[in-house]
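1. can't give you the sequence, but here's the structure:
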């Protein structure tokens, strides 16, 4: 799932042709992926996919140009994400709105709501101290998907398990199917992007 993208022109010089994916040195592998494309002659594009920033550059771009231009593209993506990301106080406010509208019987409110780097979960709640953590993969996500996760975790403030009581309350969320489909698709894209090229080739046969 691609959220935002930028494209810039590049005047290619005498560069190296690595012919394979690369990751910028000094950056955690998997967060930013640099793809050298033989089909790309001048343009450089950057977009978010599967929880990563993917930068596609011409195959023959020199390493020095790569080191200079890729961080600029990454900075643009991150700046746009930051501009569209709800603050943590806004997340708490939105939880209050969702509970008032969909589950007024739940009167407990979180003591703290934070964005957290989580790759295995979309969110988590510690009912003992009332803290809720939301995966930063949801920054810039459609509001329906984010609301669904916020409502899910907010219910856990009062109902700790996923039993029938929890399911009945969660079922009140409108467009739950749409939100679930988005989250499932995001995880599928994330898994596909993380697969080794050899495995991708086998699956595409």
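-> Cool, got the structure. None of these values were measured; they are calculated from a predicted model. Numbering: from 1, shown residues only.
2. report the central residue of the protein.
-> residue 137 (2.7 Å; CA atoms, centre = their mean).
3. that one and residue 38, how far apart?
-> 30 Å (CB to CB, to the nearest Å). In short, each C-beta sits where N, CA and C put it, glycine included.
4. one more: residue 70?
-> Plainly put, residue 70 is 18 Å away from residue 38 if you go by CB to CB.
5. name the residue in those two with the higher neighbour count.
-> residue 70 (21 against 10; other CB atoms under 10 Å).
6. check which helix or strand that one maps to.
-> Secondary structure assigned from DSSP states H and E places residue 70 in helix 63-84.
7. try residue 185
-> Using DSSP H and E, residue 185 falls in helix 176-194.
8. okay, now residue 64: neighbour count?
-> 11.
9. ugh, wrong one, residue 89
-> Other residues close to residue 89 by other CB under 10 Å number 9.
10. how about the contacts made by it?
-> Applying CB atoms under 8 Å, 6 or more residues apart in numbering to residue 89 gives no contacts.
11. give me the buried positions along the helix or strand harbouring it.
-> Assigned by DSSP H and E, residue 89 belongs to helix 88-102. Across helix 88-102, burial judged by 16 or more other CB atoms under 10 Å covers 91-92, 94-95, 98-99, 102.
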